[in-house]
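# Sequence isn't available, so here's the structure alone:
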């Protein structure tokens, strides 16, 4: 348990001001009424300029401009990386020369083992300044126009602190997410990647695979014509970003393969029961799932254990 | 294409007055303003009495009572079986001695090859009176209290006519569902079972399997704690009735196994791509799925081809 100090900041710098970064900025200002400066840094001028226009950030800098980048990072308390995980290492390498000693860097990537490796490679001896994190929140739409001040309210944020991180740095990042309304927990990065592979990455792969299988079948059009509510819910996530899920599958390869293999084993057992017309075995398994799924739904309003209780 | 006469009836008999049977009765009365008599027959007196109390049916009979059953079937135009598919054969055997020559029998089962076999076994030479059907509609809740007059509006109903069926019998069942607001199509029973195995039965099995796999893992509680929106939608159908899905899996065994095997083959290809970190192959497949799923969603408001156009 970590008692957490209330969060304030002088300057927060967000790399990638889209849905995730923009929602944090809006939450800290509109929800927590904090008045620190928020600087946005983007690869393309368009997205940061739009964020500036919307009042989500106070200043905008281009990643390619050394002077603007140095100015953005000068005096920063916290830096949030909110770009695709594959960009973590190049981003941290770009930031490193301008990184001041008091600045804490964190990220919002969906995978953590690869992010930790990228941070160690890019920051070396200064990796103690980097606290890996993952806000488990999102929307169908993306971009800063979709950012919401309450996106993180009652959502889970997982931190995967490094052995090198000073406790105060971890607590400060936890306090920031709590100020945005989130429930903050800690895991190590392997645990995080295993859990997310199971409840998020694997379902995405399974859902994409069902649509792919129908597309490959000779009567695809007929099948789509008669698909109804069950199909709709099961495949909603098959409309997710192909680029993002490609990156997640590659970044979390080992954990995802382990979960996929365990899943395939369960499916093989179900296949054998169907083949044998073993109704009792099927009913028993289905009943277990129904109970577990229903209990999960009912717990939904409450929420999981909180390692960083808000004061 | 089948031009369909407007539907009227003197007496409709519903076996199993729950969500499906009750919604048809309410639709014909409240939506189509038809004034024919509706008789309900049930295994337990409780459900038919509740239907009577709600005004969904005009008279109630117990399946076990010969005289009441004979009275219920006397002068019937249409009989609807709205009980679990495994009961089709015993129900039809029970009905057969009282079945008059003018009565058309249809059903609402989720599988059709097994229903056709059951009807042939139970009715023999009188199978021409049985028109197999499947209204593809439902709700989370069940029972006659959940019945709605608009449950079938713009929903698909598939008929799988037998070679023996007189065309007028098929058209009359089509007209009945159209009066309830449905879009009626025809397929043969193998085609129906293959299509439904793909877009309904397989997703249910896959969803049950994900919850089962998590339950079997050593960190199940942790995984459930961090499951979010993608998991919620993917597993909504894992809270479905274990009895019903046990029966569907067994009744549609052959078609379901074929779809499951095709799915497993796609999953094995995805696994190989993840294992090889072949991002390009993954992105290509995910992008195809996204396009297909998005187009399916957009077509949703319109609806599939209609073999029995309403006048």
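Received it, and whenever you're ready, just let me know what you need. Since this is a predicted model, take the numbers as computed values, not measurements.

# Give the full set of residues in contact with the most centrally placed residue in chain A.
Centroid-nearest residue in chain A: residue A:110, 3.8 Å away (criterion: Cα atoms, centre = their mean). Residue A:110 sits next to A:85, A:134, A:196, A:200, A:201, A:244, A:248, A:251, A:252 when contact means Cβ atoms under 8 Å, 6 or more residues apart in numbering or on different chains. Yep, even glycine has a C-beta here, placed from its N, CA and C like the rest.

# So which of those sit within strands?
Per DSSP state E, strands hold the following members of the contacts of residue A:110: residue A:134.

# In helices, which of the contacts of residue A:110 appear?
A:196, A:244, A:248, A:251 (DSSP state H).

# Just flag the most distant two among those residues.
Pairwise distances across the ones in helices among the contacts of residue A:110 peak at 13.2 Å for A:196 and A:244 (criterion: Cβ to Cβ).

# neighbour count winner among these two?
Neighbour count, other Cβ atoms under 10 Å in any protein chain shown: between residue A:196 and residue A:244, residue A:196 has more, with 27 against 18.

# which residues does that one contact?
Residue A:196 makes contacts with A:110, A:111, A:134, A:136, A:252, A:255, B:226, as judged by Cβ under 8 Å, 6+ apart.

# Nearest to residue B:278 among those?
For these, the residue nearest residue B:278 by Cβ to Cβ is residue A:252; the value is 14.8 Å.

# Run through chain A and note the low-pLDDT ranges.
A:1-5, A:140, A:301-311 (pLDDT under 70).

# What are the structural domain limits within it?
If you go by automatic domain parsing, the domain ranges for chain A are A:11-187, A:192-299.

# Now find how far off-centre the first one is within its chain.
When distances are taken as Cα atoms, centre = their mean, to the nearest Å, domain A:11-187 is centred 12 Å away from the chain's centroid.

# Pretty sure residue A:24 sits against residue A:155.
No: under the criterion of Cβ atoms under 8 Å, residue A:24 makes no contact with residue A:155, lying 11.5 Å away.

# Compare neighbour counts for the two and give me the winner.
When neighbours are counted by other Cβ under 10 Å, residue A:24 and residue A:155 differ, and residue A:24 comes out ahead with 30 against 20.

# Now that one: closest residue in space that isn't a chain neighbour?
Leaving aside its sequence neighbours, residue A:24 sits nearest to residue A:180 (Cβ to Cβ, 6 or more residues apart in numbering or on different chains; 5.8 Å).

# wait, isn't the one you found in contact with residue A:31?
Yes: if you go by Cβ under 8 Å, residue A:180 and residue A:31 touch, sitting 6.6 Å apart.

# Report the buried residues of whichever strand or helix holds residue A:254.
Under the criterion of DSSP states H and E, residue A:254 resides in helix A:253-275. For helix A:253-275, the neighbour count (16 or more other Cβ atoms under 10 Å in any protein chain shown) marks A:253, A:255-260, A:262-263, A:266-267, A:270-271, A:273-274 as buried.

# Now do it and helix B:253-275, the angle between them.
170 degrees (axes from the mean of the first three to the mean of the last three Cα atoms, to 10 degrees).

# is helix A:253-275 anywhere near chain B?
Yes: residues of helix A:253-275 contacting chain B under Cβ under 8 Å from any Cβ of the partner chain: A:253, A:256-257, A:259-264, A:266-267, A:270-271, A:273-275.

# Would you mind measuring from residue A:222 to chain B?
Here residue A:222 is placed at a distance of 6 Å from chain B (Cβ to the nearest Cβ, to the nearest Å).

# who touches both of residue A:24 and residue A:155?
By the contact definition Cβ under 8 Å, 6+ apart, residue A:24 and residue A:155 are jointly contacted by residue A:135.

# Tell me the gap between the host helix or strand of residue A:288 and the middle of its chain.
Following DSSP H and E, one finds residue A:288 within helix A:279-299. Offset of helix A:279-299 from its chain centre (Cα atoms, centre = their mean): 28 Å.

# What helices and strands are in contact with it?
Packed against helix A:279-299 by the contact rule (3 or more Cβ pairs under 8 Å, 6 or more residues apart in numbering or on different chains; DSSP states H and E) you find helix A:253-275, helix B:202-216, helix B:220-225, helix B:242-251.

# which of the residues in that helix are buried?
So for helix A:279-299, counting by 16+ other Cβ under 10 Å, buried means A:279, A:281-283, A:285-290, A:292-293, A:296.

# Of the residues you listed, which pair is most distant in space?
A:279 and A:296 (25.4 Å).

# related to what we said a few turns ago, same drill for residue A:180 and residue A:31, tell me which one is more crowded.
residue A:180 (27 against 18).

# List the contacts of that one.
Contacts for residue A:180 (Cβ under 8 Å, 6+ apart) come out as A:23, A:24, A:27, A:28, A:31, A:32, A:152, A:153.
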